[in-house]
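Student: Everything below, folded, please.
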Amino acid sequence: MKKLITITSTIILSACTGQAPTAITTDQSVLDNPNGLQAVTEARTSREALPGKAHYEKACGNCHNGSLKKAPHRDMIGLMTPEAILATLTTGIMANEASVLSESEKIEVSEYLSGDELGSELASIPTCASRIEYQPGLDIVGANWGLSPSNLRDIPESVSGISSANVNQLSIRWAIAMPAANRVRSQPTFAGGLLIVGSHNGIVYALDPASGCTNWQFQASGEVRTGISVSERGEEATIFFGDVLANVYAVNARSGELRWRLRADDHPNATITASPTPHKGVLYVPVSSLEVSLAIDPHYECCTFRGSVVAVDIATGNQNWKTYTITEEPGISGQNPIGTNIIGPSGAVVWNSPSIDAANNQLFVGTGENMSSPASLTSDALIAMDLDSGKKNWVFQATENDVWNGACDTKWPENCPVEGGPDFDFGGATVVAESEKHGHLVIAGQKSGVVHAVDPRTGKLVWQTKVGRGGIQGGIHFGIAVRGDIVLAPISDMADGRSYPDQDRPGMHALDLDSGEVLWSTLHKDQCDGKAYCHPGISQVPTVIGDLVFGGSMDGTARAYDTNTGKVVWQLDTTQAFESINGEEARGGSMGGAAGPVALNGLLVLSSGYGIYNHMAGNLLIALEVAED
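Tutor: Next up, the predicted model:
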């Protein structure tokens, strides 16, 4: 069933997704579930007893408790490591404001905001003995996050040097215990003879791919969870990335020096969760928010953030245009049971990197749920925007009336919208693929467990296939990959305390690009053996490398599957201890987020560790090489 509604010049389409998510029910297990947001809430509130709270209120609270719109909210700063916060207070952009604090008070503030103790050195990756010069024109793997403007996430064997013929010859080249990190979720990029990667501690490292040593490093203001995008113009090379505080950076790829920086949105809870996409001199930046978690407070007026895409001139950092996913500005739409104002519409954030449709001069993004009532027509949707103006060409809404926030999974449900979910965002990016039958298609996977194929010119549905059960953390969480006529869809189906009508199907699945028919499914058995925060599903985005698709699971296992059969032909337990080049124990954890595997010239790089939202912590960045005959 689908309907066509025309609103001004934008086409809005919607489609049911097979088995209706309205069958979902919430029961007491939501409140007791260790994998739900309840546990996140309790971890956040436990820090309130720390001594740094009083010092924070004295020096920082007036701006960072939400009263100053342009200042990042305290909870956003809390995503940073204590070491990164301390660096900001002592030598960074907040040094002047923090001058009223003693050195010991700054340490206590850093530990209060992060909820962790200091204990790791920031610059503990060895520095290269001699400088490596950036070499323009060499193969780039990761010029944008999707490894191509279309976001196919496909590295051919001619570039990767890895295939089923040699994958079992992989051996460890080096491992790094990422400094001051409990998660490793920035996708590395090969460019100019370097391997460039962001980090939990806010440092972007330019590494020697052969040894892992640091060529240069750049300190951002917050965690860099995005991948690193690259633009080469003659001899000039620039990298682009965002941080959790919604700052976007352009940095000289040769030297690590800042070219320009901007804040993509003034909202205190704005953040950049996905890599910006460079295209023909313009950087297209997706903007999202974590305001959804503040709704846990019954007195918080939820919510005021709207997702957007910002187009920025690559050379200058000047904004060309900004398009909100929700045109209407939020306003008071009611009160919650204790009388707190409900503000809306809100949400429809953009978690994912734009894909480019150069033939039709447009980009595509997927959006998240609304965070407060009323629901909009652009939540849980695919949106096409004109590259030059940002005008919305069409909107395809996959799930209607999805309004959800963090209050829905806690003991304080006052701010939970009446719709109550199901929270079926498009967390992963869109892919533009060439179908033999249909021509170009826009393919996207949703947290509902559904893969959608849409006509890029009209936004009309071509096919959709339900692959997984779906859930708050997927379903399809961080994206899909496409090789030729095969769509590769990882399924998480992690337990979230809710009841669903379908059976969970964690693992890797392949679909026919022309029809959406399931070609094969490789389901994962639960190997966790009671290990905390362990789950067999795949949350991390996959990458096609040679004739294999590589995917990392939340149990810490990296696997390579034959793209034609789904057979697992190689695997590695990343949760084991690895000897690192920086002398600390490197150990992976859950493999989550948008940091998919990358490979170049026989070197495979994996990221492991996702110590947030009740997944297994880890600090592992590891390179494996194909052994020479």
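
Student: Now do the helices in the stretch 151-300 of the chain.
Tutor: Secondary structure of the stretch 151-300 of the chain, counting by DSSP state H, counting those that start in this stretch: helices at 157-160.

Student: Low-confidence ranges, it, go.
Tutor: Low-confidence regions of the stretch 151-300 of the chain, defined here as pLDDT under 70, do not occur.

Student: can you pull out the strands in it?
Tutor: For the stretch 151-300 of the chain, the strands defined by DSSP state E, counting those that start in this stretch cover 154-155, 170-177, 189-191, 194-197, 203-207, 214-219, 229-233, 236-242, 247-252, 258-263, 270-271, 277-279, 282-289.

Student: Mean neighbour count and distance to D493 for those - can I get that in a markdown table?
Tutor: No exception for glycine: its C-beta is placed from N, CA and C like everyone else's. Supplementary listing: those in a markdown table, determined by neighbours: other CB atoms under 10 Å; distance: least, CB to CB, whole Å:
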| stretch | mean neighbour count | distance to D493 |
| --- | --- | --- |
| strand 154-155 | 26 | 25 |
| strand 170-177 | 20 | 28 |
| strand 189-191 | 27 | 30 |
| strand 194-197 | 27 | 29 |
| strand 203-207 | 26 | 33 |
| strand 214-219 | 20 | 38 |
| strand 229-233 | 20 | 31 |
| strand 236-242 | 24 | 29 |
| strand 247-252 | 22 | 33 |
| strand 258-263 | 16 | 36 |
| strand 270-271 | 28 | 26 |
| strand 277-279 | 23 | 29 |
| strand 282-289 | 27 | 23 |
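
Student: of all these, which lies closest to T88?
Tutor: Of all those, it is strand 214-219 that lies closest to T88, at 8.9 Å by CB to CB.

Student: name the helices or strands packed onto the closest one?
Tutor: strand 203-207 (3 or more CB pairs under 8 Å, 6 or more residues apart in numbering; DSSP states H and E).

Student: Direction included, what does the strand it packs on pair against?
Tutor: In the sheet, strand 203-207 lines up against strand 194-197 (antiparallel), strand 214-219 (antiparallel) (DSSP bridges).

Student: Quick one: distance of stretch 374-393 to the chain centre.
Tutor: 20 Å (CA atoms, centre = their mean, to the nearest Å).

Student: for stretch 87-107, same thing?
Tutor: In terms of CA atoms, centre = their mean, the gap separating the centre of stretch 87-107 from the centre of its chain is 30 Å.

Student: likewise stretch 344-359?
Tutor: Mean C-alpha position of stretch 344-359 versus that of the full chain (CA atoms, centre = their mean) differs by 13 Å.

Student: Equivalent analysis for stretch 176-183, please.
Tutor: Remark: stretch 176-183 is offset 18 Å from the chain centroid, using CA atoms, centre = their mean.

Student: Same check on stretch 289-309?
Tutor: Here stretch 289-309 shows a centroid-to-chain-centroid distance of 18 Å under the convention CA atoms, centre = their mean.

Student: Enumerate the positions of that stretch that are buried.
Tutor: Taking 16 or more other CB atoms under 10 Å as the basis for neighbour counts, the residues of stretch 289-309 that come out buried are 289-298, 300-309.

Student: Can you report how many residues neighbour S521?
Tutor: Around S521 sit 16 other residues, with neighbours defined as other CB atoms under 10 Å.

Student: which SS class is A586?
Tutor: Using DSSP: H, G, I helix; E, B strand; the rest coil, the three-state assignment for A586 comes out as strand.

Student: which residues does the closest residue to I132 other than its chain neighbours contact?
Tutor: Nearest-residue entry for I132: N215, 4.8 Å, with adjacent residues in sequence omitted and distances by CB to CB, 6 or more residues apart in numbering. Listed by CB atoms under 8 Å, 6 or more residues apart in numbering, the contact set of N215 reads 128, 131-132, 194, 206-208.

Student: Mind doing that once more with 10 Å?
Tutor: Neighbour list for N215: 127-128, 130-134, 193-196, 205-208, 254-256 [criterion: CB atoms under 10 Å, 6 or more residues apart in numbering].

Student: same check, this time on A98
Tutor: Contacts here follow CB under 10 Å, 6+ apart; on that basis A98 touches 55, 59-60, 86, 88-90, 92, 105-106, 109-110.

Student: Next, format the strands of the stretch 151-300 of the chain as a markdown table and append distance to G583.
Tutor: Converted to a markdown table, those look like this (distance: least, CB to CB, whole Å):
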| stretch | distance to G583 |
| --- | --- |
| strand 154-155 | 32 |
| strand 170-177 | 8 |
| strand 189-191 | 25 |
| strand 194-197 | 19 |
| strand 203-207 | 16 |
| strand 214-219 | 14 |
| strand 229-233 | 30 |
| strand 236-242 | 27 |
| strand 247-252 | 28 |
| strand 258-263 | 30 |
| strand 270-271 | 33 |
| strand 277-279 | 36 |
| strand 282-289 | 36 |
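
Student: do you know which of the ones you listed lies nearest G142?
Tutor: Taking CB to CB, strand 189-191 is the member of these nearest to G142, at 3.2 Å.

Student: Can you give the distance from stretch 565-580 to the centre of its chain?
Tutor: The chain centre lies 22 Å from the centre of stretch 565-580; the measure is CA atoms, centre = their mean.

Student: actually stretch 166-180, sorry about that
Tutor: Per CA atoms, centre = their mean, the displacement of stretch 166-180 from the mean C-alpha position of its chain is 23 Å.

Student: Stretch 330-338 now?
Tutor: Stretch 330-338 has its C-alpha centroid displaced from the chain centroid by 30 Å (CA atoms, centre = their mean).

Student: Equivalent analysis for stretch 491-502, please.
Tutor: So, by CA atoms, centre = their mean, the centroid of stretch 491-502 is 20 Å from its chain's centroid.

Student: And S164, how far from W570?
Tutor: Computed with CB to CB, to the nearest Å, the distance linking S164 and W570 is 9 Å.

Student: likewise F218?
Tutor: Distance check for F218 against W570: by CB to CB, it reads 34 Å.

Student: Model confidence at E117, what's the number?
Tutor: pLDDT recorded at E117 is 83.

Student: how about it, what does it touch?
Tutor: By CB under 10 Å, 6+ apart, the contact set of E117 is 50, 82, 107, 110-111.

Student: so G583 makes contact with P126?
Tutor: Yes - between G583 and P126 a contact is recorded at 8.8 Å, counting by CB atoms under 10 Å.

Student: Comparing the two, which residue is more hemmed in?
Tutor: Neighbours per residue, other CB under 10 Å: of G583 and P126, the larger number sits with P126, 15 against 10.

Student: tell me the contacts of the closest residue to that one other than its chain neighbours?
Tutor: Excluding its sequence neighbours, the residue lying closest to P126 (CB to CB, 6+ apart) is C213, at 4.9 Å. Taking CB under 10 Å, 6+ apart, we find C213 in contact with 125-130, 132, 174, 176, 205, 207, 581-582.

Student: Would you mind giving both backbone torsions of C213?
Tutor: According to degrees, to the nearest 10, the main-chain angles of C213 amount to phi -70, psi 160.

Student: for D402, same thing?
Tutor: The phi and psi torsions at D402 (degrees, to the nearest 10) take the values phi -90, psi 100.

Student: which residues sit in contact with the residue lying closest to it once chain neighbours are set aside?
Tutor: Setting aside the residues directly before and after it, D402 is nearest to E369 in space (CB to CB, 6+ apart), at 4.3 Å. For E369, the residues meeting the contact criterion (CB under 10 Å, 6+ apart) are 292, 346-349, 375-376, 379-380, 399, 401-405, 417, 419, 421-426, 447.
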